[in-house]
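Student: kindly generate the corresponding structure for this input.
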Amino acid sequence: MVQKSKNIVNDAIIKDIGKTVHGLHYGSILITVHNARIVQIEVSQKSRFDDVWLLEGGGGI
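Tutor: Numbers count the residues shown, from 1 in each chain. All right, here's what the predicted structure looks like:
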C-alpha cells in the first residue's frame, strides 16, 4: 500500500513539473532534492526581446 501512495505523490510531482514547463517560454526550473525526494521547485522566468530587435532592424540600448 505504501508503494501505491508513493506512486500517487510521484505522479502529482511529475504533473506539476509538466505544467510548469508548459507555461514557461524562457527561463529555468530548479528542482531541489533531499534524501532522494523532490522537495521543491523554483521557477525563474525571463522576458526576451529578440523579436522586437528583429522588427526594428537591430541596434542596442
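
Student: mind listing the strands for this structure?
Tutor: 27-34, 37-45 (DSSP state E).

Student: okay, the angle between the longest one and strand 27-34?
Tutor: To tie it back to what came earlier, the one meant is strand 37-45. 160 degrees (axes from the mean of the first three to the mean of the last three C-alpha atoms, to 10 degrees).

Student: so which elements touch strand 37-45?
Tutor: Here strand 37-45 touches helix 2-22, strand 27-34, going by 3 or more C-beta pairs under 8 Å, 6 or more residues apart in numbering; DSSP states H and E. For glycine as for every other residue, the C-beta is placed from the backbone atoms N, C-alpha and C.

Student: those: which one's closest to Gln40?
Tutor: Closest to Gln40 of these is strand 27-34 (C-beta to C-beta; 3.9 Å).

Student: give me the sheet partners of that closest one and which way each runs.
Tutor: strand 37-45 (antiparallel) (DSSP bridges).

Student: for the strand it pairs with, give me every contacting residue.
Tutor: The contact list for strand 37-45 (C-beta atoms under 8 Å, 6 or more residues apart in numbering) reads 13, 16-17, 20, 24-33.

Student: which of the residues you listed lies closest to Asp50?
Tutor: Lowest distance from Asp50 to these (C-beta to C-beta) belongs to Tyr26, with 9.6 Å.

Student: give me the neighbour count for the nearest residue to the closest one once chain neighbours are set aside.
Tutor: Distance criterion C-beta to C-beta, 6 or more residues apart in numbering; nearest residue to Tyr26, sequence neighbours excluded, is Lys46 at 4.4 Å. The local packing of Lys46 (other C-beta atoms under 10 Å) involves 9 other residues.
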